[in-house]
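S.K.: quick one, fold the following:
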Amino acid sequence: MTTIVAFHAHADDPVLLSGGTLARAAADGHRVVVVVATDGMAAEHPTPRWRELEASAAILGVRRVVHLGYADSGHGPELYSDPPGRQRFARADTEEAAHRLASLLHEEKADLLLGYDANGGYGHRDHLKVHEVARRAARLTGTRLLEATVPRDFALRFVRVVRALRIPFPYDAEALDHAGSPASAVTHRFDVRRFAGRKQAALAAHVSDVRGTGRLAAVLRVLVWLPAPLFAVVAGREWYVEVTTAGSARRALQVPARLSRRRR
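M.R.: Here you go, the predicted model:
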């Protein structure tokens, strides 16, 4: 049994970026752990988003959900002051945060870490921080690292369709031009269509985000309402960029065989 730790920025990110991968790994008998850097807890008390994350993770087959202890940094020109008792993730010392994550990787005896690509997907400051922290934690522990991404051409096509359908999508066009990764950088493409129903149900569990007023809320509602076969077409593949560090090269670990689908 392989242990896979998926490190994400916010409560809804695990299902959006790697839900099919996690469900497929869990179904194949691997131990799956999700770590979120932000949200989920206001001081020491769980919030609805944390309970929704636990429900969503259970649908995917995740065995453990961990909060790294930071506050959401928001997405916009202004980085607000820290809330009482917590630091916004974007302000966190990368080394300190990486050691928190590394401690959990050691505790779980993790074989594989999932992080984010160099653009943090679409440039959210917390996503960029996940990229930095995951890379450092992988170097500290020698854990093999795959970075969740989306091929840039796919991302641009998706945005064009969303806007053509007049679905509200208030994201900066220039930032989206640099979202994801060039197709040539993608090293792993996972076919998760068989788990699309589970991924869609896990997304629906994030009630606060789906019914909320966030920038992605309208898109999330459409995804949740899509007929299952159409959702599988839209969200049935997930992509990663493998990162080689000195430690991971020494360990020479393998991605679980039934998960690995390298580009040819």
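
S.K.: in the stretch 51-200 of the chain, where is pLDDT below threshold?
M.R.: 170-176 (pLDDT under 70).

S.K.: now the helices for it?
M.R.: Applying DSSP state H, counting those that start in this stretch to the stretch 51-200 of the chain gives helices spanning 94-108, 120-123, 125-141, 152-164, 173-176, 196-204.

S.K.: looking at those, which is closest to Ala185?
M.R.: Nearest to Ala185 among these is helix 152-164; the distance by Cβ to Cβ comes to 9.1 Å. Just so you know, the C-beta spots here come from the backbone N, C-alpha and C atoms, and that holds for glycine as well.

S.K.: so for Arg51, which of the helices of the stretch 51-200 of the chain sits nearest?
M.R.: helix 196-204 (13.7 Å).

S.K.: so for the helix or strand following that closest one, what gets flagged as buried?
M.R.: Scanning forward in sequence from helix 196-204 by DSSP states H and E, the next helix or strand is helix 207-210. For helix 207-210, burial by neighbour count (16 or more other Cβ atoms under 10 Å) applies to Ser208, Asp209, Val210.

S.K.: same deal with stretch 197-215?
M.R.: Quick answer for stretch 197-215 (16+ other Cβ under 10 Å): Arg198, Lys199, Gln200, Ala201, Ala202, Leu203, Ala204, Ala205, His206, Ser208, Asp209, Val210.

S.K.: check stretch 144-162 too.
M.R.: Buried, per 16+ other Cβ under 10 Å, within stretch 144-162: 144-152, 154-156, 158-159, 162.

S.K.: now render the buried residues of helix 207-210 as TSV, adding distance to Ala179 and pLDDT.
M.R.: Below are these laid out as TSV (distance: Cβ to Cβ, whole Å; pLDDT from 0 to 100):
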residue	distance to Ala179	pLDDT
Ser208	24	91
Asp209	19	91
Val210	22	94
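
S.K.: hmm, back to that, quick one: which of the buried residues of stretch 197-215 is nearest Thr47?
M.R.: Of the buried residues of stretch 197-215, the one sitting nearest to Thr47 (Cβ to Cβ) turns out to be Ser208, at 8.5 Å.

S.K.: I figured the closest one hits Glu52, correct?
M.R.: Yes: using Cβ atoms under 8 Å, Ser208 is in contact with Glu52, at 6.0 Å.

S.K.: show me where this structure has strands.
M.R.: Ranges of strands in the chain, per DSSP state E, are 3-8, 31-36, 41-42, 45-46, 64-67, 112-116, 144-149, 188-191, 237-243.

S.K.: tell me the mean pLDDT over the third one?
M.R.: Same thing as strand 41-42. Summarised as a single mean, pLDDT over strand 41-42 is 48.

S.K.: next: the first one.
M.R.: Looking at strand 3-8 alone, the average pLDDT works out to 98.

S.K.: my read: Phe154 touches Ala179, true?
M.R.: No: if you go by Cβ under 8 Å, Phe154 and Ala179 don't touch, sitting 9.9 Å apart.

S.K.: average pLDDT for stretch 229-245?
M.R.: Rounded mean pLDDT across stretch 229-245 is 92.
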